[in-house]
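J.: Based on what follows, work out the 3D shape:
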Amino acid sequence: MRMPIFAAALAATCWTVAAEAATVLITGSNRGIGLELARQYADLGWDVIATSRTPADDDDLQALSAQYDNLRIEVLDVSDHEQIDALAKKLAGTPIDVLMNNAGILGGAPDVQSIGSIDFASMEQVYKTNAIGPMKMAEAFLEHVAASKQKKISVITSGTASLRNVQPSPFYKALYLYRMSKTAINMGYRALSVELAPRGIHVGILAPGIVETRLLQQAGYGGMGMATEDSVTGVIRNIENLGPETSGQYIIYNGDTVPW
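T.: Model (predicted):
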C-alpha cells in the first residue's frame, strides 16, 4: 500500500531534522588560514566553533559570524591551559568531528631566528603556541572527538619542519624557532596517531603549502605564496580523506606526502 502524501512528506521532514551537521573546532580563526577554514566549513554546512584570543578585535571573524548562523565564536588562547580546560568543560557533551589546531606564531622576523641573533626569550612562547598548545588541545578535547562520528584531530604544520627539506637555496632562511616548534608537533602528532588508532581516532599532520598570509610576509617570503582559499580547499579535502592509511602521515595541501 502506498504511503499517503502527507505521511511521506512528514517522514522526509523528520529525516532532515534528525540528520545532524558535523562539528569542527578551529583554533586561531581570526585571520589567514584559520579564518578561511572557518568560512569554508561554514559554507559546507558544518557547525563551526571558531576560536581566537581576542575575538572582539577581529572584524573579519565577527563579519563571518554575522554571515553564518552555524558559526559561533569562543575566546581561546592555546598557550593558556586553564582557558583550554574551561572551553572543554563548557563544550562538554558536544561531539567534535574535527579538532583543527591551526593557531600558530612565527616567533619573529628572520633576523631574530638566525644563528648569532636568536631570540631565545621568544622561543618558549613559540613552543607553547605551536607545539605544546596542540598537544594540550588533543588531550582536553579527546573525549569530545571520541564521541563524534568522524573522530579526527588535525594540526596545521609546515613544510619547513621537514628535515629533508632543509637544503641550501637562494631563498633559505633558518627560522630556528618556527622550524623547531613545527618539527616538535609533527613528532607529537605522529605518536598520537599510533596511541589513538585503537579508538578509531585519526590524526592529520597537514602542511598547507606556501600561502600568502601575514606569517609568510613576516618570514620574508611575501608575494611567493598561493591564495589562502586554494590552500584551505586542499587541506579540507585531506581532512575528508583522513583515515587509517593516512593517519599520522605528513601531508601537504595537494595530497602528497612531505619527507620527514
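
J.: wait, what's in contact with the nearest residue to residue 115 once chain neighbours are set aside?
T.: Beyond its immediate neighbours in the sequence, the residue positioned closest to residue 115 (CB to CB, 6 or more residues apart in numbering) is residue 174, lying 6.7 Å away. Any C-beta I mention is one placed from the backbone N, CA and C, and that applies to glycine too. When contacts are counted by CB atoms under 8 Å, 6 or more residues apart in numbering, residue 174 is found next to 110, 113-115.

J.: Nearest to residue 85 among those residues?
T.: Sorting the contacts of residue 174 by how near they are to residue 85, with CB to CB, puts residue 113 at the top with 31.4 Å.

J.: what's the distance between that closest one and residue 134?
T.: If you measure residue 113 against residue 134 using CB to CB, to the nearest Å, the figure is 21 Å.

J.: who's more crowded, these two?
T.: Neighbour count, other CB atoms under 10 Å: between residue 113 and residue 134, residue 134 has more, with 28 against 24.

J.: Quick check: closest non-adjacent residue to residue 68.
T.: Beyond its immediate neighbours in the sequence, the residue positioned closest to residue 68 (CB to CB, 6+ apart) is residue 42, lying 4.0 Å away.

J.: Residue 171 - how many residues pack around it?
T.: If you count neighbours by other CB under 10 Å, residue 171 ends up with 7.

J.: Can you tell me how far it is from residue 159?
T.: Distance, residue 171 to residue 159, using CB to CB: 13 Å.

J.: Check residue 132 too.
T.: 21 Å.

J.: So for those two, which residue has more residues nearby?
T.: A direct count of neighbours by other CB under 10 Å for residue 132 and residue 159 places residue 132 higher, at 19 against 16.

J.: Got the phi and psi for that one?
T.: Backbone dihedrals for residue 132, given as degrees, to the nearest 10, come out at phi -70, psi -40.

J.: How about the contacts made by it?
T.: For residue 132, the contacting residues are residue 79, by CB under 8 Å, 6+ apart.

J.: What distance do you get for it to residue 114?
T.: When CB to CB is applied, the distance between residue 132 and residue 114 equals 24 Å.

J.: same check, this time on residue 77
T.: Relative to residue 114, residue 77 is positioned 28 Å away (CB to CB).

J.: give me the element residue 30 is part of.
T.: Under the assignment given by DSSP states H and E, residue 30 is not contained in any helix or strand.

J.: Equivalent analysis for the one 10 residues further on, please.
T.: Remark: residue 40 resides in helix 32-43, with elements defined by DSSP H and E.
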